[in-house]
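Novice: Here is my input, please return the structure:
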Amino acid sequence: MNRTRKITTLGAVGLLAVTSVAGAALASSHREAPLIAKDPTADITDLYAFVSPDKPDTVTLIANYLPFQEPAGGPNFYPFDETVHYFIRVDNTGDGVEDVEIVFDFETQVANPDSFLFSGYGPIEDRSDPQGAPFAPSNISQTFSVTMNGTELGSGLAVPPPNIGPRTTPAYGTYVADGIHKVGEGMKVFAGQRDDPFFVDLGAIFDLGGLRPFNEAHLIPLPTEGGEDALSSFNVNSIAIQLPITDLTNDGQPVSAPDADNAVIGIYAGAARQSTKVLSETGLHEVSGDYVQVSRLGNPLVNEVIIPLGQKDEWNASDPADDAQFKDRYLNPELAAIINTVYPSLPDARTTDRSDLVLILGQGVPGLNATNSGDTLYDLLRLNMGIPPSKNPSRLGVLDGDLAGFPNGRRTWDDVVDIELRAVADGYGSFLKKGFGLPNLSPNNMVGDGCDANDRAFRDEFPYVAQPWSGYDDGVHHLSPCEPLDETSTSE
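Specialist: This is a model prediction of the structure:
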């Protein structure tokens, strides 16, 4: 397609398509569908699954919820929802149906309902008492239970308080250790507020699919700039579990090699609500009925990049085993056409017959983490548990020859935005071109948002996700003084 044709096809409709699809597409699962955008406490933002780098006989699974938490958002801050089932599901037989289900349920306790304060009248002190309530005093607190395949692993487990500030939460790092609970045999669980580990330049992407490092190549050019992490200083609510690999294999045995029959699992996570909600005269909600899935996530960006607006809510409520109904969206990705249009100087990526996307996102890569084939398609985050943690990890994962990274599972530092942009743009890189025969258009193999790392360093041990930002000083949002801006500095 030549430049003149691209300009013609862009038009008003094309501009709207870029804004609504490309912008929303690359926000991972932050407000990705109409209904879940109105239900943030049940909104899963990201899912991670990896062989634990410091304990390679275990796997760590992390699911994050409730996006865009402004750290100073009191007095109620951002509790887990007591009416939501938060779940992580694992398929170890390759049929798209979960064989292991882990469910987190929460309860909220209010010590003094006559006070508006979250913490009460003093600091939330660390008691360092693993046998009792580790955080005190706190006016509002939460505990949780965790079950696996219907068997309770633990209950009454404390959730660390949000990171409010140096007076209320003076030694926040110590709360994390007390929020890690040993349950079952060789298992650890955690639930609490953390820094949002997803990194992406939403400000540019929402602006007609912009990528700052490629600004001059855009159909509407701007000066080239470095990327900016739009999620910097925002928090999320994390649930995490570390468990022995043998608890996830289809035969209960260790994985002997990457090509072993029990090596690969598929994971998805989400949230479910009871089907009936009634608003009482007191203003409280009364819920009843069966639990219905309202959000889910396997591979990052699928609902955003692949699934169109009219099907996003349906996709959130459906199961991976039924994903073949969406296969045409993988084969004919709208995002590829958008990239071709907005960046006319780049070689055109294929917009039809994208069996590579079906394979990578819906079936698994043969010889790496495949779980199914043929006409089947299940959106699962596939992890080969026989591949050990990388000694030299790359943010580009498999694209850069790091087989322990995305799309083989997903680590906290994997740059899934750049990886998936390059995949959709047919810029798979020399490793996948040589080893797997995938296309490697240049410079499509260099596209990215310029945001290559998280705003906070990740932990080296469970739960791995970084400490949440403080409401008193989040490092970004509160740098401006509380005074009017000089009128000459505004754009109006």
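Novice: quick one, what contacts the nearest residue to G397 once chain neighbours are set aside?
Specialist: Leaving aside its chain neighbours, G397 sits nearest to G405 (2.7 Å; criterion: C-beta to C-beta, 6 or more residues apart in numbering). The C-beta positions use only the backbone N, C-alpha and C, and glycine is treated the same way. Residues in contact with G405 (C-beta atoms under 8 Å, 6 or more residues apart in numbering) are 390, 393-398, 411, 414.
Novice: Using the three-state scheme, assign G405.
Specialist: Counting by DSSP: H, G, I helix; E, B strand; the rest coil, the backbone at G405 sits in coil.
Novice: what's the answer for F50, then?
Specialist: Applying three-state DSSP to F50 yields a three-state assignment of strand.
Novice: Over to L335?
Specialist: With three-state DSSP as the basis, L335 sits in helix.
Novice: okay, now it: neighbour count?
Specialist: Using other C-beta atoms under 10 Å, L335 has 25 neighbouring residues.
Novice: Wait, it touches D426, no?
Specialist: No - using C-beta atoms under 8 Å, L335 is not in contact with D426, being 11.9 Å away.
Novice: Using TSV, lay out the contacts of G405 together with neighbour count.
Specialist: Listed next are those as TSV, based on neighbours: other C-beta atoms under 10 Å:
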residue	neighbour count
S390	17
P393	16
S394	17
R395	20
L396	21
G397	25
V398	26
R411	26
D414	26
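Novice: And these, which is closest to F144?
Specialist: Among the contacts of G405, R411 lies closest to F144 (C-beta to C-beta), at 24.8 Å.
Novice: any idea what sits nearest G471, other than its immediate chain neighbours?
Specialist: Using C-beta to C-beta, 6+ apart and skipping the chain neighbours, the partner closest in space to G471 is A72 (3.7 Å).
Novice: Look up phi and psi at that neighbour.
Specialist: phi -90, psi 10 (degrees, to the nearest 10).
Novice: again with G427
Specialist: phi -110, psi 60.
Novice: any idea how far P407 is from it?
Specialist: For G427, the distance to P407 equals 15 Å [C-beta to C-beta, to the nearest Å].
Novice: All the strands of the stretch 101-250 of the chain, residue numbers only.
Specialist: 125-126, 135-136, 140-148, 151-158, 181-183, 187-195, 235-244 (DSSP state E, counting those that start in this stretch).
Novice: Give me the average confidence score over stretch 438-455.
Specialist: Averaged over stretch 438-455, pLDDT sits at 95.
Novice: Extract the CA atoms of that stretch and return them as PDB.
Specialist: Output of stretch 438-455 as PDB, limited to C-alpha atoms (Å, rounded to 0.1, in the frame of the first residue of the first chain):
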ATOM      1  CA  LEU A 438       9.000 -16.400  11.400                       C
ATOM      2  CA  PRO A 439       9.200 -13.200   9.400                       C
ATOM      3  CA  ASN A 440      11.700 -10.500  10.400                       C
ATOM      4  CA  LEU A 441      10.900  -7.200   8.700                       C
ATOM      5  CA  SER A 442      13.300  -4.300   9.400                       C
ATOM      6  CA  PRO A 443      12.900  -1.900  11.100                       C
ATOM      7  CA  ASN A 444       9.700  -3.500  12.300                       C
ATOM      8  CA  ASN A 445      11.900  -5.600  14.500                       C
ATOM      9  CA  MET A 446      12.900  -2.500  16.400                       C
ATOM     10  CA  VAL A 447       9.500  -0.900  17.000                       C
ATOM     11  CA  GLY A 448       8.600  -0.200  20.600                       C
ATOM     12  CA  ASP A 449       7.200   2.400  22.900                       C
ATOM     13  CA  GLY A 450      10.600   3.300  24.400                       C
ATOM     14  CA  CYS A 451       9.400   2.300  27.900                       C
ATOM     15  CA  ASP A 452      11.700  -0.700  28.600                       C
ATOM     16  CA  ALA A 453      11.600  -1.200  32.400                       C
ATOM     17  CA  ASN A 454       9.400  -0.700  35.400                       C
ATOM     18  CA  ASP A 455       9.500   2.500  37.500                       C
END
